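A.B. asks: Here is my input; please provide its structure:
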Amino acid sequence: MSALSASPERAVKGAMSAATRPTSIAALAILFSIVFVNLAGFGLVVPLLPFFGTSLGAPEWQVTLMFSAYSLGQFFAEPLWGRLSDRIGRKPVLMATVAANALGYVALAFAPDIWIAILIRLATGFGAGNISTIQGYVADVTPPEQRAGRMGLLGAAFGLGFIVGPAMGGLLTRPELGHAGYMIPLFVAAGLSGLAAVGVLIFLKESRAKADPTTPRPRFLGGLQDAVANPVVSRVLLMTLIYMAAFSGMESAFGLWAESRYGWGAREVGLSFMVVGVVSVFGQGFLAGRLARRFGEARVIAAAALLFGGSLVAQVLTTAGWMVPVVMSLGALGMSMFMPNTSALISRSTPPDRQGAMLGLNMASGSSARILGPMAAGALFSGLGPNWPFLVGALLTLPAAVMAVNAGRAFRKRQAELAAAPAS
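C.D. replies: Model (predicted):
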């Protein structure tokens, strides 16, 4: 029998009772604080990347390659770090990856040309692919029925980072200084990541016991066969791939679109992403778990995908700059519902000792979309016009919603089978 075919709901009870587990609320409070600090640095940099790229004299397609390169690194890193955290513990993996963030920002500040910047983003993405490890930590200390809510709170910490980060980036950027005007935000981002690394080292307790060293090491992407065989996880991986292609295309092209459409610079783009962060905090902190408990994770995911797709169409139809943050807030509400419920659905369908690996595969699926999405968005932007990355992204949310519904049906069927089976 596959490891993923066992009942994760039953297995988690034994795992959660281990004496090595930190107190749930205290551990989560520390983790969320660290995530907030780290994501504030990340949110500070993302809105200014298009302008940083153009300050190096790069055309649009090379600018979007910086986003794709980072995601390519994450594609290989997320399953690796997720599996490694299952084996050696979450804390050392988080320590290494957060420190890699800090080094990456410093190196990027001194990049002499766009190709070196792309290579730095590739290396930084590989070093910083830790989202599955963070999600695995949350799953370690959270009962299954509370995971959508706790993943939502984790997303709220991400969202808070995207409130503070873009605002700081907009205020710290000095475009009148040319390329040097974009170095200050990168240094601040490095400092925030360094602070987060110190927080991991001093305050965060380990949530997992180390695996038996005699246990054979899993192969890279070795869990993919089990994931494909799992009717829930396989559908979620495909759904994440489709949805994240739409999202990453919007994210990478937005600054270029706003500059072309309304003459915006890094400050206006940063403030728009700040609005996205505010709405995301509300959605993930207060709505994601409540809606999941009432309607189920899969139905919420489907509705979230459609809401995000509708916001992309509405963004193209805007006629004034002030309307853009309003429309983006609707899309942010959809985004805030999507990711925490996706993670919760995977964790509820996966045994405790495989959650880091399966969540890592899901992040790898999203990272592969983040490779292709920005590249496709850059080609669409340059070849067909500024609106096309958003229109194509809206179309992609339709099959993502269908896959979410199918994953929900598979999950409910599996739960019914487990309920009918005698306890072993």
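
A.B. asks: burial of G191, as a residue count?
C.D. replies: 15 (other CB atoms under 10 Å). Every C-beta, even on glycine, is put in place using the N, C-alpha and C of the backbone.

A.B. asks: And it, how far from L172?
C.D. replies: Separation of G191 from L172 (CB to CB, to the nearest Å) stands at 12 Å.

A.B. asks: ditto for P166
C.D. replies: In this view, P166 and L172 are 11 Å apart by CB to CB.

A.B. asks: Give me the common contacts of the two.
C.D. replies: Residues touching both P166 and L172 (CB atoms under 8 Å, 6 or more residues apart in numbering): L44.

A.B. asks: Those two: which has the busier surroundings?
C.D. replies: P166 (28 against 21).

A.B. asks: Would you confirm that the more buried one contacts G41?
C.D. replies: No - judged on CB atoms under 8 Å, P166 makes no contact with G41 at a distance of 11.3 Å.

A.B. asks: Does W264 belong to a helix, a strand or coil?
C.D. replies: What DSSP: H, G, I helix; E, B strand; the rest coil gives for W264 is coil.

A.B. asks: give the contact list for the nearest residue to Y182 once chain neighbours are set aside.
C.D. replies: Leaving aside its sequence neighbours, Y182 sits nearest to F52 (CB to CB, 6 or more residues apart in numbering; 4.5 Å). F52 is in contact with A117, H179, Y182, counting by CB under 8 Å, 6+ apart.

A.B. asks: Need the buried ones from these selected in PyMOL.
C.D. replies: This is how PyMOL selects the buried members of the contacts of F52, with burial counted by 16 or more other CB atoms under 10 Å:
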select buried, resi 117+182
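
A.B. asks: From the contacts of F52, which one has the minimum pLDDT?
C.D. replies: When the contacts of F52 are compared by pLDDT, H179 scores lowest at 70.

A.B. asks: ok so, going back, per-residue confidence for the residue nearest to Y182?
C.D. replies: As summarised for this prediction, F52 has a pLDDT of 80.

A.B. asks: any weak-confidence spans in the stretch 251-400 of the chain?
C.D. replies: Judged against pLDDT under 70, the low-scoring parts of the stretch 251-400 of the chain cover residues 352-353, 355-356.

A.B. asks: The residue nearest to Y182 is in what secondary structure piece?
C.D. replies: Element membership for F52, per DSSP states H and E: helix 49-55.

A.B. asks: which helices and strands does the next helix or strand after that helix pack with?
C.D. replies: Counting by DSSP H and E, the element after helix 49-55 in chain order, helix or strand, is helix 60-88. Judged by 3 or more CB pairs under 8 Å, 6 or more residues apart in numbering; DSSP states H and E, the packing partners of helix 60-88 are helix 49-55, helix 90-109, helix 114-127, helix 131-140, helix 231-262, helix 355-383.

A.B. asks: Name the stretch among those helices that sits most buried.
C.D. replies: Most buried of the helices and strands packed on helix 60-88, by mean neighbour count (mean count of other CB atoms under 10 Å): helix 131-140, with a mean of 28.

A.B. asks: helices and strands around it, which ones?
C.D. replies: If contacts are counted by 3+ CB pairs under 8 Å, 6+ apart, helix 131-140 sits against helix 24-45, helix 60-88, helix 90-109, helix 147-172, helix 323-348, helix 355-383.

A.B. asks: can I get those in TSV with distance to A227?
C.D. replies: Listed next are the helices and strands packed on helix 131-140 as TSV, based on distance: least, CB to CB, whole Å:
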stretch	distance to A227
helix 24-45	25
helix 60-88	10
helix 90-109	20
helix 147-172	18
helix 323-348	9
helix 355-383	5
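
A.B. asks: quick one on the thing from earlier: would you check the distance separating the helix holding F52 from the middle of the chain?
C.D. replies: Averaging C-alpha positions (CA atoms, centre = their mean, to the nearest Å) puts helix 49-55 22 Å from its chain's average.

A.B. asks: got it, and stretch 97-112?
C.D. replies: With CA atoms, centre = their mean as the basis, stretch 97-112 stands 19 Å off its chain's centre.

A.B. asks: Mind checking the pLDDT average for that stretch?
C.D. replies: Averaged across stretch 97-112, pLDDT comes to 86.

A.B. asks: Run through who's touching that stretch.
C.D. replies: 34, 38, 41-42, 45, 56, 77, 81, 117, 120-121, 123-124, 126-130, 133, 183, 186-187, 189-191, 193-194, 196-197, 200.

A.B. asks: And the closest residue to A246 other than its chain neighbours, which helix or strand is it part of?
C.D. replies: With CB to CB, 6+ apart as the criterion, A246 has its nearest non-adjacent residue at 3.6 Å, and that residue is G393. G393 is located in helix 388-420, with elements delineated by DSSP H and E.

A.B. asks: What helices and strands are in contact with that helix?
C.D. replies: Checked by 3+ CB pairs under 8 Å, 6+ apart, helix 388-420 has helix 8-16, helix 231-262, helix 297-317, helix 323-348, helix 355-383 packed alongside it.

A.B. asks: buried set for that helix?
C.D. replies: Going by 16+ other CB under 10 Å, helix 388-420 has these buried residues: 388-390, 392-394, 396-397, 400-401, 403-404, 406-408, 410-411, 414.

A.B. asks: Contact partners for L160?
C.D. replies: By CB under 8 Å, 6+ apart, the residues touching L160 are F36, L39, A40, G277, V281.

A.B. asks: next one: V276
C.D. replies: Listed by CB under 8 Å, 6+ apart, the contact set of V276 reads F162, M328, S329, G331, A332, M335.

A.B. asks: Relative to S336, how far out is it?
C.D. replies: Remark: distance between V276 and S336 (CB to CB) = 9 Å.

A.B. asks: Pretty sure V281 sits against G161.
C.D. replies: No - using CB under 8 Å, V281 makes no contact with G161, being 9.5 Å away.
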